[in-house]
Each structure stands twice: as C-alpha cells, then as structure tokens.
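Undergrad: Fold the following.
(chains A, B, C and D)
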2 protein chains.
Amino acid sequence: MGIELRRQIEKIVSLTDDEFEFVLSHFQSKKFKKHQIVIHEEDYVQYEYYVVKGLMKISRVDIDGKEHIIQFGMEDWWVTDSQAYHNRTKATMIVDCLEDAEVLALSLDNKEKLCRELQKMEYFFLKKTIAGYIALQKRILCFISSNANERYNNLLTLYPGLMQRVPKSMIASYLGVTRETLSRLNTGM
Amino acid sequence: MGIELRRQIEKIVSLTDDEFEFVLSHFQSKKFKKHQIVIHEEDYVQYEYYVVKGLMKISRVDIDGKEHIIQFGMEDWWVTDSQAYHNRTKATMIVDCLEDAEVLALSLDNKEKLCRELQKMEYFFLKKTIAGYIALQKRILCFISSNANERYNNLLTLYPGLMQRVPKSMIASYLGVTRETLSRLNTGM
DNA sequence: GCTGTTAAAGGACATTTGTCAAAAATTTGG
DNA sequence: CCAAATTTTTGACAAATGTCCTTTAACAGC
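TA: Coordinates of the predicted model:
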C-alpha cells in the first residue's frame, strides 16, 4: 500500500518504516470509476489526490461550453484544483476520470498537520511544488516559442505513454489547438 | 531596509523584530544598472533575487536568436532561473535589468539553512511557491483558451502598471505574439 | 536642442489555425 | 459479432497571426 508514494518521497527525503506509516495515516484511500467526477465546479475542494492507478484530467469549461484541459494526472502524479484547495475557495475546475482510478486523498488540514509533525515532509512538499513550478514554466515557454506542431512533438517526447491512453481531441485541448488542427499536423516522421 | 519584504512574509507568517533581522541576515544587498545582466546563460545561478526596486526580465533566446520573455520581475517579486538555481545546474535563461535595480539576494545554501533554523520560513516559501504555481496555471489556461487580444487585455488588467514601464515589443514577447500582431490588436478599451 | 538609435505602426502578402460540414474509422455496450 | 455512439480525418473556406519592408514616432546621449 503506497510503495510508489514512498518511493516518490524518498527521492527527496528518507523515511523510516514507522515514519512512512505515519505519513500514510494522513491519507484516505479512495476509488473512482471511469467518467466519474472527482471535483465538481463550485464545490469546495477537500482533497489533493495522489494517483496510485488510473488517469484523470483537470479542465475548465469556458463560457462557450468549450473544455480546456489544464493537466492530466496519471500514476505517481498529484491532482487537484490547486487554487481552490489551497485557498479553501470553490472549485473553478473539474477533475474527472478517463480510466478507473485509485488514489490517496490528503485533506489540507492533514497536509498542514503532517508538515508540522514531520518537518521533512514540508521540505518534500516544497521541493515537489518547486518542481511543478519549473514544469509549468517550461510549458509556458513552449507556448510562447513554439507552434502547434512543435508543441505536439514536445508532448510526445515528454509523455510518450499518454498518447495511448488519451483521445487525440483531449491532447488537442491540452495543447491549445482544435482537434482538426492536431489531426492535420505533420507529426515529424 | 527590507520593510516590503517583511510585509510580504508577514502576510503568511508573523515575525518578531529579532526574527526578521535574522531572516534578513541571510540575504545580501545588491544593485544593478539598467541593461546589466544579472544571470548569464550557462552560468551557475548563485542567487534568487527579491526585487526591492527596479524592473527585470527573465528570458530565453532560441536557436533563431529570438528572445522569449518568460517573466518580468518588479518590486516585491522574486526573480531567478528557478531550474538552474534549485538544481544547481547551468542557467538556460537570461535575467537582465530594464531599469536600475536594487535587490536582496538569497543563495540556495542560505535558503535551506534559513528553512532549517526557522520552520515558519519554510512554510512561507511553500505558500509562496504554491501561489506562483497557481499563477502559472492561470497563465497556461490563458494560452489554451484565449487569443492574442484576450491575452493582452488580461495582462492589462492583471498588471496595469507594467505597460508604462515595458516596451510593447517585450509585452508581445511575453504574450507569445510578434510585435506587429500586438500593434494591430483592437485593445477594446 | 540636435542627432543617431530604438521603438512603434502600417501595408502587402504568406502561413497557420479555426470553423463548419461531411465522411471514414474506431470504440463501446449489449 | 453487430449496431450505435464516439472519435478521427478531410475538404473548403474564413479569420488570425507571422514575415518582410517601409514609414513614423519616441527616446537617449551628447
């Protein structure tokens, strides 16, 4: 239970068996079905989810009803509506499942409690958040410096496994183009 | 000295006078001239900079020699090449000054030391990094869901002061469009 | 206050991307 | 294994954005 989470944490700080059990006791195990909505728009967001198995997406629906995918979340990733979760405000995003999913859910209270009880976990979350920040910066650089074709090829090399699990129309949404444009790209080969 | 920094920190955690002096002792005060390069590409990045006064930009030059602006940094902001700074690797970005600048420089060793000595500072950096992450997510959402005109108007409302201090060609670069395109936008009022 | 330099705006045209409609291919559930 | 639903591809055209070039405007240093 949670070996992968332990592996992820131990890339940054080391834990004894007891410490890891203690960490894990702050999480709740949950399961979701394909197509199930994990975070509804306008809901308060109770949890941040560590994905043990499955695939989710974080998206926002604009005034014209178009869905824009901000992030995918697969195994060993963390998923939530960050703004709503951390500020205890209502969700502006939707999180749902592209596949049946198994997660470890961490409430904000438990996260803060855990950080106070075990300082290296706060260090872990800081390092992890910095890594996330850097990843988003790279994605922004990609938007300002690359066209659709280059962004698609970049995504292919970054997450080769994703393409087999996600419909192309969603890849298009993540890249900020229409599915028609994605379908016409010269994928390089 | 550093009142604004203290105000920023105290929005998240409270500090005694002694504690703030202690925090400040981990920083070095530095000054830069307009056009001066603060972080050179390929250099190791010693510091993260809290901007006391002035205006900087973080950019990357692509293979065609085009400059892409990833971020501006004005008063009360933090500026560095995050990836290079936190991973102790060589800079892939350039940080330079659009105006004479005054900063407080924090080395990574001092940052980590400070976090160990005063846990609430680690909490501060965590909250601050999360806020940065959320801001980048919003910028990405803007790229995937808005055209150049909408992105420009969004920037106008987000940082109205920036326009008076930054040439439009740099705003264009930040928005991921050419200066010609920016110049033709219907700024909508 | 000049003068050289840099920044901004505009025209003409090419390229990329979006939109709408339809056809083809694939997946899903029974 | 089949029928319905979903996803992907393609065509024709419109709109947005990029490129190249010229003109105009603003600014910096002397």
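Undergrad: In this structure A:K66 contacts B:S145, no?
TA: Yes: applying Cβ atoms under 8 Å as the test, A:K66 and B:S145 come out as touching, 7.4 Å apart. All C-beta atoms are positioned from the backbone trio N, CA, C, and that covers glycine.
Undergrad: more neighbours, those two?
TA: For A:K66 versus B:S145, neighbours defined as other Cβ atoms under 10 Å in any protein chain shown are more numerous around B:S145 (20 against 13).
Undergrad: For the more buried one, list the residues it contacts.
TA: Contacts of B:S145 were listed using Cβ atoms under 8 Å, 6 or more residues apart in numbering or on different chains, and they are A:60, A:62, A:66, A:68, A:176.
Undergrad: 6 Å instead, please
TA: A:62, A:68 (Cβ atoms under 6 Å, 6 or more residues apart in numbering or on different chains).
Undergrad: for DNA strand C, what are the nearby residues on chain A?
TA: Within chain A, the positions near DNA strand C by Cβ under 7 Å from any atom of the strand are A:147-149, A:176-178, A:180-181, A:184-185.
Undergrad: Show me what counts as buried in the longest helix seen in chain A.
TA: Counting residues, the longest helix found in chain A (DSSP state H) is helix A:119-145. Of the residues in helix A:119-145, A:119, A:121-134, A:136-137, A:139-145 count as buried by neighbour count, 16 or more other Cβ atoms under 10 Å in any protein chain shown.
Undergrad: sorry, back to before: joint contacts of A:K66 and B:S145?
TA: Taking Cβ under 6 Å, 6+ apart as the contact rule, A:K66 and B:S145 have no neighbour in common.
Undergrad: returning to what we had before: name the nearest of the residues of chain A next to DNA strand C relative to B:L106.
TA: A:G176 (34.7 Å; Cβ to Cβ).
Undergrad: Other residues contacting stretch A:107-121?
TA: Outside stretch A:107-121, the residues within contact range by Cβ under 6 Å, 6+ apart are A:13, A:26, A:46-47, A:122, B:119.
Undergrad: so how far is it off the chain centroid?
TA: Between the centre of stretch A:107-121 and the centre of its host chain there is 20 Å, according to Cα atoms, centre = their mean, to the nearest Å.
Undergrad: what's the average pLDDT for it?
TA: Within the predicted structure, the mean pLDDT of stretch A:107-121 is 97.
Undergrad: show me the contacts for A:D100.
TA: A:33-34, A:54.
Undergrad: Which ChimeraX command selects the buried ones in the residues you listed?
TA: For anyone working in ChimeraX, the buried entries among the contacts of A:D100, judged by 16+ other Cβ under 10 Å, can be selected with:
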select /A:54
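Undergrad: Three-state assignment for A:S59, please.
TA: Three states are possible here, and by DSSP: H, G, I helix; E, B strand; the rest coil the one that applies to A:S59 is strand.
Undergrad: Now for it, how many residues are close by?
TA: Counted with other Cβ under 10 Å, the neighbours of A:S59 add up to 22.
Undergrad: What's the separation between A:D62 and DNA strand C?
TA: 11 Å (Cβ to the nearest atom of the strand, to the nearest Å).
Undergrad: no no, A:L126
TA: The span separating A:L126 from DNA strand C equals 36 Å under the rule Cβ to the nearest atom of the strand.
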